[in-house]
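Novice: Let's see this in three dimensions:
(chains A, B, C and D)
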Number of protein chains: 2
Amino acid sequence: MFSFTEENYLKAIFKHSQKEGGEVSTNTIAEELNTKAASVTDMLRKLADKGLINYEKYKGVTLTKAGRSIAVSTIRKHRLWEVFLCEKLKFRWDEVHEVAEQLEHIHSDLLIDQLDEFLGYPKNDPHGDPIPDKNGEFPKDAQISVENAKVGTNYTISGVSDEDNNFLKYLNKLEITLGLPFEVLERFEFDGSMTVKIGEERSLQISKEVAQNLFVAKV
Amino acid sequence: MFSFTEENYLKAIFKHSQKEGGEVSTNTIAEELNTKAASVTDMLRKLADKGLINYEKYKGVTLTKAGRSIAVSTIRKHRLWEVFLCEKLKFRWDEVHEVAEQLEHIHSDLLIDQLDEFLGYPKNDPHGDPIPDKNGEFPKDAQISVENAKVGTNYTISGVSDEDNNFLKYLNKLEITLGLPFEVLERFEFDGSMTVKIGEERSLQISKEVAQNLFVAKV
DNA sequence: CATTACTTTTAGATTAGTCTAAAAATATTT
DNA sequence: AAATATTTTTAGACTAATCTAAAAGTAATG
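Specialist: This is a model prediction of the structure:
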């Protein structure tokens, strides 16, 4: 069994090895976990001893199979709990993360299997992020950021970045939810902003920042 | 906010101050938590410093208002999660405790309020134990142990002791569940065993130990 | 390519929670 | 009430996770 802390380190390493493709640096992990580089170094040695990461001093780290498996299973738990909180307990987008951060560390295979069944084997969490299955496989979903969406094509809103709670509150206020029809009406190159149609009626102006953090899929 | 460990100590103290009525001894706590008396003494000093218990060396402890409040709220969480696990996730009696021990330490008022509503404000957990409300009030329920039940009176099974998992498994096997009609047919004084009727048809023999751990209420 | 800047690691300390062994206090028994 | 037994506390040590400050490595720049 692994500690909360170990699971959080593995999750952080997984997250950043997706983005930058390879080794994850000590500082990156420290920043992600709001801790200090020295603390990270200590923990890396421990995780390496346990065979969860590949670690060479000054070289950054990658996950081993075992490490990846724990990271992904923690992400699976996190996202299933988010679905539960939103769908069953009426949590808002911006309220789920903090609680799911705690729930993801509950250890019980039975619990998570039964929860999955209870929720109807959801494929995505409330922000549109894919939920890996029991074997650690992520469902491939072809969503793109609004920044790269084509003018005039019909999309549906399929995902939102859950990095920033204020962004989620902003979406809440504008009543932007997953599943709504979406179309880019006009794009302004000088500042990256655009006019978009959301739902059947509403057209509005969104900034480049919003476009980067909102994801859509072809209908 | 309080740690898992602190919450568990407070829960243990609450539990035993119910039974024996007054001060709880260091050894009692040590036994309840599978730890050593020396560790308990350390923690008692800490809890006393935080104003959660009344503690005088060598005199045993009682909970302060603040301490009781945390203990009861932890028990409330534990029992609500047990209802969730049994009713929604199809856990068996003997499977809930271990997972609820973890879930009870999740900190979120919103979570527990919404869970309560989702479950329909249950009054008792799956073992029949009362669930305190938000203000820490326990619903009074007049259940008695089968040991003290009268021959010939009509009861319903209303609670079971959840101390021993093997006992719960035994009840499972005999298909004894809460809500079943119950009557004592005959009592044998020499060993405390009795013949009882459970449900409409079935009559069976139960030992003194079973009688002590099974609770019934008048219909 | 030497100097500066940044990143990472080491060294040594700290806090929470636990332990064993021994000392002190309380309870029990003769 | 003296001797023995039990309970509780103290003293000192350990582990996990963290920190600050300083040293060591790596990268960037003039």
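
Novice: I'd like the average pLDDT over the helix ranked longest in chain A.
Specialist: Here the longest helix in chain A is taken by residue count, with DSSP state H as the criterion, and it is helix A:65-87. When pLDDT is averaged over helix A:65-87, the result is 98.

Novice: is it anywhere near DNA strand D?
Specialist: No. Contact of helix A:65-87 with DNA strand D is not found when judged by C-beta under 7 Å from any atom of the strand; the minimum separation is 13.0 Å. (C-beta placed from N, C-alpha, C; glycine too.)

Novice: list the helices and strands the next helix or strand along the chain from that helix packs on?
Specialist: The first helix or strand that comes after helix A:65-87 along the chain, using DSSP states H and E, is helix A:93-103. Under the contact definition 3 or more C-beta pairs under 8 Å, 6 or more residues apart in numbering or on different chains; DSSP states H and E, helix A:93-103 sits against helix A:65-87, helix A:165-173, helix B:109-118.

Novice: The same query, at a cut-off of 6 Å, please.
Specialist: Where contact means 3 or more C-beta pairs under 6 Å, 6 or more residues apart in numbering or on different chains; DSSP states H and E, helix A:93-103 is packed against helix A:65-87, helix A:165-173.

Novice: just those: most buried one?
Specialist: Ranked by average neighbour count under the criterion mean count of other C-beta atoms under 10 Å in any protein chain shown, the helices and strands packed on helix A:93-103 are headed by helix A:65-87 at a mean of 21.

Novice: related to what we said a few turns ago, is it possible to get TSV of the helices and strands packed on helix A:93-103 that adds distance to B:A100?
Specialist: As requested, those are exported to TSV (distance: least, C-beta to C-beta, whole Å):
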stretch	distance to B:A100
helix A:65-87	16
helix A:165-173	29
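
Novice: Now do the longest helix of chain A: everything it contacts.
Specialist: If you take C-beta atoms under 6 Å, 6 or more residues apart in numbering or on different chains as the criterion, helix A:65-87 is touched by A:7, A:10-11, A:14, A:51-53, A:91, A:96, A:100, A:103-104, A:112, A:115-116, A:119, A:122, A:125-126, A:131-132, A:136.

Novice: Could you measure from the residue nearest the centre of chain A over to DNA strand C?
Specialist: The centroid of chain A falls nearest to A:D129 when counting by C-alpha atoms, centre = their mean (5.4 Å). Spatial separation of A:D129 from DNA strand C under the definition C-beta to the nearest atom of the strand, to the nearest Å is 27 Å.

Novice: Kindly report the same for A:F84.
Specialist: A:F84 sits 28 Å away from DNA strand C, taking C-beta to the nearest atom of the strand as the criterion.

Novice: what's the spacing between that residue and B:F118?
Specialist: Taken as C-beta to C-beta, to the nearest Å, the spacing of A:F84 relative to B:F118 amounts to 10 Å.

Novice: can you map out the strands along chain A?
Specialist: With strands called from DSSP state E, chain A shows them at A:53-55, A:61-63, A:144-145, A:155-160, A:181-187, A:194-198, A:202-206, A:214-218.

Novice: Can you name the residues in contact with the lowest-mean-pLDDT helix or strand in chain A?
Specialist: Confidence across the helices and strands of chain A bottoms out at strand A:144-145, with a mean of 88, counting by mean pLDDT, DSSP states H and E. Applying C-beta under 6 Å, 6+ apart, the contact partners of strand A:144-145 are A:212, A:215.

Novice: let's see it at 10 Å
Specialist: For strand A:144-145, the external contacting residues (C-beta atoms under 10 Å, 6 or more residues apart in numbering or on different chains) are A:150, A:155, A:158-159, A:161, A:211-218.

Novice: and the two most separated of these?
Specialist: Among the contacts of strand A:144-145, the pair separated by the greatest distance (C-beta to C-beta) is A:K150 and A:S161, at 20.5 Å.

Novice: So between these two, which is more surrounded?
Specialist: Set A:K150 next to A:S161 and count neighbours by other C-beta atoms under 10 Å in any protein chain shown: A:S161 wins out with 17 against 12.

Novice: who are the neighbours in contact with that one?
Specialist: Contacts for A:S161 were tallied using C-beta under 10 Å, 6+ apart; they are A:127-129, A:145, A:167-168, A:171, A:210, A:212-215.

Novice: filter those down to the ones near DNA strand D?
Specialist: With the criterion set as C-beta under 7 Å from any atom of the strand, no member of the contacts of A:S161 is near DNA strand D.

Novice: Tell me the residues of chain A that contact chain B?
Specialist: Proximity of chain A to chain B is confined to A:81, A:84-85, A:88-92, A:95-96, A:98-99, A:101-103, A:105-108, A:110-118 under the rule C-beta under 10 Å from any C-beta of the partner chain.

Novice: Any regions of chain A where pLDDT drops low?
Specialist: Applying pLDDT under 70 to chain A picks out residues A:20-21.

Novice: For it, which residues are neighbours of DNA strand C?
Specialist: Selection of chain A residues close to DNA strand C by C-beta under 7 Å from any atom of the strand yields A:25-28, A:37-38, A:40-42, A:44-45, A:55, A:57-60.

Novice: Filter these down to the buried ones, ChimeraX style.
Specialist: The following ChimeraX command selects only the buried members of the residues of chain A next to DNA strand C, with burial defined by 16 or more other C-beta atoms under 10 Å in any protein chain shown:
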select /A:25,26,28,40,44,55,60
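
Novice: thinking again about what came up before, right, and the residue nearest to the centre of chain A touches A:F138 too?
Specialist: Yes. With contact taken as C-beta atoms under 10 Å, A:D129 and A:F138 are classed as touching, separated by 9.3 Å.

Novice: interface residues of chain A facing DNA strand D?
Specialist: A:3, A:5-6, A:34-36, A:38-39, A:42-43, A:46, A:58.

Novice: how about 10 Å then?
Specialist: A:2-9, A:30, A:33-43, A:45-47, A:49-50, A:56-60 (C-beta under 10 Å from any atom of the strand).
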